[in-house]
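K.L.:
No sequence on hand, only this structure:
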């Protein structure tokens, strides 16, 4: 009985729908990774320039910020930018795709 159920048209259509949803999820996450990487690159440059300049120009920063502290400042900002932008991109993509899949008759007043 289970063999006959696995090859029913309903089962095939649900598997196709599942494959389509999986492909959409992969595309959404890939968009998030790309956007996050771009944001991290921009944030790295935007943080590295003032951090390195302040270490060279300000006596307090020169005395208190060693190489490890400088790297920690820059990498923390880059990591935060990556995760924030990637999360927002994935959520926006999922929201956009959920509205595409909803039919106009699916909304209730």
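P.N.:
The structure has been received and is ready for your questions. The shown structure was predicted, so the numbers you read here are calculated from the model rather than taken from an experiment.
K.L.:
Tell me which residue is most central in the chain.
P.N.:
With distances taken as CA atoms, centre = their mean, residue 86 lies nearest the centre of the chain, 2.0 Å away.
K.L.:
buried set for the helix or strand encompassing that residue?
P.N.:
When elements are assigned from DSSP states H and E, residue 86 belongs to helix 67-101. Taking 16 or more other CB atoms under 10 Å as the basis for neighbour counts, the residues of helix 67-101 that come out buried are 70, 73, 74, 77, 78, 81, 82, 85, 86, 89, 90, 93. The C-beta positions use only the backbone N, C-alpha and C, and glycine is treated the same way.
K.L.:
Would you reformat those residues as CSV and include pLDDT and distance to residue 39?
P.N.:
Putting the buried residues of helix 67-101 into CSV (pLDDT from 0 to 100; distance: CB to CB, whole Å) gives the following:
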residue, pLDDT, distance to residue 39
70, 96, 20
73, 97, 17
74, 97, 14
77, 97, 10
78, 97, 9
81, 97, 4
82, 97, 6
85, 97, 4
86, 95, 8
89, 94, 9
90, 92, 13
93, 89, 15
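K.L.:
Put together a markdown table for those, with distance to residue 14 on each row.
P.N.:
Converted to a markdown table, those look like this (distance: CB to CB, whole Å):
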| residue | distance to residue 14 |
| --- | --- |
| 70 | 54 |
| 73 | 50 |
| 74 | 48 |
| 77 | 45 |
| 78 | 42 |
| 81 | 39 |
| 82 | 36 |
| 85 | 34 |
| 86 | 30 |
| 89 | 29 |
| 90 | 25 |
| 93 | 23 |
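K.L.:
So which of those is the closest to residue 27?
P.N.:
Using CB to CB, residue 93 is the member of these that sits closest to residue 27, with 7.7 Å.
K.L.:
Who are the packing partners of the helix ranked longest in the chain?
P.N.:
If each helix of the chain is counted by residues according to DSSP state H, the longest one is helix 9-57. In terms of contacts (3 or more CB pairs under 8 Å, 6 or more residues apart in numbering; DSSP states H and E), helix 9-57 is packed against helix 59-64, helix 67-101.
K.L.:
Good, wrapping up.
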